[in-house]
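In: Structure, please.
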Amino acid sequence: MEPTFGIVEAGPVLEALWPKCEPLVCEAMRYSASRDWTGGEVRARLQSGEWKLVTVDLAGELIGVQIFGWGTDPLGRRYVGVVCCAGQDMQSWIGGMVKLGRDLAVMAGADRVVIQGRPGWARVLRGWGLKVQSISAVAAVADINVG
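Out: Residues are numbered from 1 along each chain as shown. Purely as a prediction, here's the structure:
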């Protein structure tokens, strides 16, 4: 059985699904070095339409989520950004999610997709033509060795 993807629009459907999605979103945010959004902040951005939630279902069970956002960089180039991605058995559905991200970028008139994530994502995403352009380095202030 193949996983199915659903783009969730703001409104009652999002509100009904959010209690199942929020734990996955919060798990992804805990692992992120550069993202400090709470579940409530993410939900507010989804409800405003600023971001889009995509669900991954397998046999009627929610197994994953991904959140996409749109933006324009300082040079005026549109992009689609992956805010977070989390779930079970990702190797079975991440390829479909990459294709969906590309399709969303085309529909938004964007010329690129930007993903920030843990180091392992660089290896996973290389197979779909994505490359590492920058990194995020994080340390507790007390652990920074200044000599």
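In: Residue 114 and residue 81 touch, don't they?
Out: Yes. In this structure, residue 114 is within contact of residue 81 by C-beta atoms under 8 Å, at 4.6 Å. (Each C-beta comes from the backbone N, C-alpha and C, glycine too.)
In: what is the residue nearest the centre of the chain paired to in the beta sheet?
Out: Nearest residue to the geometric centre of the chain (C-alpha atoms, centre = their mean): residue 84, 2.7 Å. With DSSP bridges as the criterion, residue 84 is bridged to residue 67.
In: Check the gap between it and residue 69 for me.
Out: Residue 84 is 10 Å from residue 69, where distance means C-beta to C-beta, to the nearest Å.
In: Equivalent analysis for residue 8, please.
Out: Distance of residue 8 to residue 69, computed by C-beta to C-beta: 14 Å.
In: between those two, who's got more neighbours?
Out: residue 8 (19 against 16; other C-beta atoms under 10 Å).
In: what about the strands in the protein?
Out: 4-8, 51-58, 61-72, 78-87, 112-115 (DSSP state E).
In: So which bits of the second one are buried?
Out: This points to strand 51-58. Buried residues in strand 51-58, counting neighbours by 16 or more other C-beta atoms under 10 Å, are found at 51-56, 58.
In: before we move on, what about the fourth one?
Out: Taking 16+ other C-beta under 10 Å as the neighbour-count basis, strand 78-87 is seen to contain the buried residues 79-87.
In: ok, now the third one?
Out: Residues of strand 61-72 classed as buried: 62-70 (neighbour count, 16+ other C-beta under 10 Å).
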